[in-house]
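K.L.:
Quick check, what structure comes out for this input:
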Amino acid sequence: MNTARLLLAALAAALVGCQSADTPAPAPAAKAAAKKAAKPVPAHYVFYVGTSGAKAQGVLRCVLDGKTGKISAPTVAAEAKSASYVALSPDAKFLYATAEAADGAVAAYAVEGEKLRLLNTEASKGKGPTHLAVDAARKNLVVVNYGSGSTTALPIKADGSLAAATSSLQHVGTGPNVARQSGPHAHGVYFHPKSGRAYVADLGTDDIFIYKFDPEKGLLTPNKPKSGRVTAGEGPRHLAFHPSGKFAYVNTEMGLNVVAFSVERNGGLKQLQSLPTLPAGADSKGVSTAEIFVRPDGKTLYVSNRGHDSIAVYSIGQDGKLALLQHVPGTPATPRGFGLSADGRWLVCAGQKSGTLNAYKIARDGKLIDTKQSVEAPAAAAVVFVP
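P.N.:
As a prediction, the model looks like this:
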């Protein structure tokens with residue numbers, strides 16, 4: 001009996017060994033490998049650069065090498081004055097640019113190879129337009145006017161050109177910083193990735209105004225609650241949503257902070273946390289924050305500091321809260337803007353004062369690696385990658 005049992009046990013062990021040798025890799029590993037194989041690293045990335053200042057030439061076009069981070073010499077895709085911020089339509093067939101001038105306007109371009117063909121310009125219904133965004137359906141463009149402190153919606157026609165404004169709302173309010181906050185100064189506009197509401201950071205009033213948006217009518221209406229707020233005098237500049245839509249992050253230009261909010265069901269913003277963007281003990285004289293972006297995977301956030309000329313990097317927790325990962329010093333002088341590639345592998349920073357574009361590789365943990373690759377780009381102000 002004992003001998004028979006031993007033989008059966010040996011036979012069972014042998015069968016298990018054969019099965020183990022022939023068993024395919026676990027499903028999760030196989031799926032991960034297939035996913036990686038399905039998404040090869042692009043050989044190159046195309047991005048556009050908005051320019052602003054005396055040396056501005058217009059909208060620039062660049063190509064980044066996907067292996068080395070080397071940036072091609074910029075070419076002028078479209079001549080323009082003070083095209084300080086640019087945005088692409090979701091299908092990347094059209095590009096829109098602000099024109100920072102007393103008589104505010106927005107320009108629409110068709111993307112035709114390496115050039116941009118001007119379609120038309122439309123009034124922004126305010127002074128000094130500084131930022132814009134295209135809705136997910138590519139039916140409307142919303143632009144904010146810094147000089148007059150207002151938000152305007154313009155319909156997008158089938159051919160990509162702009163129609164006259166269908167909605168324009170004037171902000172009201174002031175802040176305690178007399179030099180910077182004597183009136184409203186709308187600085188950035190962003191569509192919520194899920195609800196489609198429009199959120200506008202107003203540096204002059206310390207509000208992040210919230211608007212319901214009807215894409216069919218191009219109609220902006222105040223939300224209830226009408227805004228979220230940062231600490232008085234800090235001056236919200238730009239905003240970045242977490243891809244889940246559950247959280248929003250705002251950099252304060254004068255406060256030198258990044259503020260984390262949860263996005264409530266009614267669209268309201270509930271403050272979770274506020275962290276400094278400068279290292280402890282750093283000299284803050286003449287320093288202001290500029291750009292902010294969340295990595296597409298939702299795990300890391302980046303904020304640039306002008307004057308200190310650095311980028312602060314934060315990890316994002318499951319609860320939406322931030323933890324400092326890294327300060328990257330020595331970025332191009334006055335890093336007014338930067339952009340992230342759609343796959344989250346690259347960050348290109350625009351130095352408005354240095355007149356350069358610098359490439360940074362993004363590691364798996366979200367930290368930045370300076371490739372030491374840079375190229376001259378006079379008056380560079382904003383960077384937008386083609387998806």
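K.L.:
and the gap between residue 132 and residue 205?
P.N.:
To residue 205, residue 132 is 20 Å away according to C-beta to C-beta, to the nearest Å. (C-beta placed from N, C-alpha, C; glycine too.)
K.L.:
So these two - more neighbours on which side?
P.N.:
Remark: of residue 132 and residue 205, residue 205 carries more neighbours, 24 against 21, as counted by other C-beta atoms under 10 Å.
K.L.:
Residue 128 and residue 145 touch, don't they?
P.N.:
Yes - taking C-beta atoms under 8 Å as the contact criterion, residue 128 and residue 145 are neighbours in contact, 5.8 Å apart.
K.L.:
Which of those two has more residues huddled nearby?
P.N.:
When residue 128 and residue 145 are compared for neighbours, residue 145 comes out ahead with 27 against 22, by other C-beta under 10 Å.
K.L.:
Excluding chain neighbours, give the residue nearest to the more buried one in space.
P.N.:
residue 126 (2.7 Å; C-beta to C-beta, 6 or more residues apart in numbering).
K.L.:
list the contacts for the one you found?
P.N.:
Applying C-beta atoms under 8 Å, 6 or more residues apart in numbering, we find residue 126 in contact with 104, 144, 145, 147, 148, 149, 150, 152, 168, 186.
K.L.:
burial of residue 244, as a residue count?
P.N.:
For residue 244, the number of neighbouring residues by other C-beta under 10 Å comes to 11.
K.L.:
Sorry, wrong one. I was asking about residue 254.
P.N.:
Around residue 254 there are 22 other residues, counting by other C-beta under 10 Å.
K.L.:
Just to be sure, it is in a helix?
P.N.:
No - using DSSP: H, G, I helix; E, B strand; the rest coil, the secondary structure at residue 254 is coil, not a helix.
K.L.:
wait, doesn't it sit right on residue 177?
P.N.:
Yes - if you go by C-beta under 8 Å, residue 254 and residue 177 touch, sitting 6.2 Å apart.
K.L.:
Find the nearest non-adjacent residue to residue 161, please.
P.N.:
Ranked by C-beta to C-beta, 6+ apart and with sequence neighbours excluded, the top spatial neighbour of residue 161 is residue 119, at 4.0 Å.
K.L.:
cool, and residue 80?
P.N.:
residue 58 (3.9 Å).
K.L.:
and the gap between the one you found and residue 339?
P.N.:
When C-beta to C-beta is the yardstick, residue 58 and residue 339 sit 17 Å from each other.
K.L.:
who has more neighbours, the two?
P.N.:
When residue 58 and residue 339 are compared for neighbours, residue 339 comes out ahead with 22 against 19, by other C-beta under 10 Å.
K.L.:
so the more buried one bridges to which residues?
P.N.:
Per DSSP bridges, residues listed as beta-bridge partners of residue 339: residue 348.
K.L.:
give me every residue that touches it.
P.N.:
Listed by C-beta under 8 Å, 6+ apart, the contact set of residue 339 reads 47, 293, 347, 348, 382, 383, 384, 385.
K.L.:
Spit out the contact partners of the third one.
P.N.:
Applying C-beta under 8 Å, 6+ apart, one finds that residue 347 lies in contact with 302, 311, 338, 339, 340, 341, 359, 360, 362, 368.
K.L.:
do the same with the fifth one
P.N.:
Residues in contact with residue 382, defined by C-beta under 8 Å, 6+ apart, are 49, 50, 84, 85, 86, 291, 336, 337, 339, 350.
K.L.:
out of those residues, which are inside helices?
P.N.:
Cross-referencing the contacts of residue 382 against helices under DSSP state H gives no overlap.
K.L.:
As a check, name the ranges of all strands in the stretch 51-200 of the chain.
P.N.:
58-65, 75-79, 86-88, 94-99, 105-112, 115-123, 129-134, 140-145, 150-155, 167-170, 186-191, 198-202 (DSSP state E, counting those that start in this stretch).
K.L.:
got the contact list for the last one?
P.N.:
Going back to what we said before, that points to strand 198-202. Here strand 198-202 makes contact (C-beta under 8 Å, 6+ apart) with 133, 142, 144, 149, 151, 171, 173, 184-192, 208-211, 213, 220, 236-239, 248, 250.
K.L.:
Tell me which helix or strand residue 258 sits in.
P.N.:
With the criterion set as DSSP states H and E, the secondary-structure element containing residue 258 is strand 257-263.
K.L.:
contact partners of that strand?
P.N.:
Under the criterion C-beta under 8 Å, 6+ apart, residues 192, 208, 228, 230-231, 234, 236, 241, 245-252, 269-277, 289, 292, 301, 303, 312, 314, 320-322 lie in contact with strand 257-263.
K.L.:
go again using 6 Å as the cut-off
P.N.:
If you take C-beta atoms under 6 Å, 6 or more residues apart in numbering as the criterion, strand 257-263 is touched by 228, 230, 246-251, 269-277, 303, 320-322.
K.L.:
In ChimeraX, how would I select just the buried ones from those residues?
P.N.:
Entered in ChimeraX, the line below selects the buried ones among those, by 16 or more other C-beta atoms under 10 Å:
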select :228,230,246,247,248,249,250,251,269,272,273,274,277,303,320,322
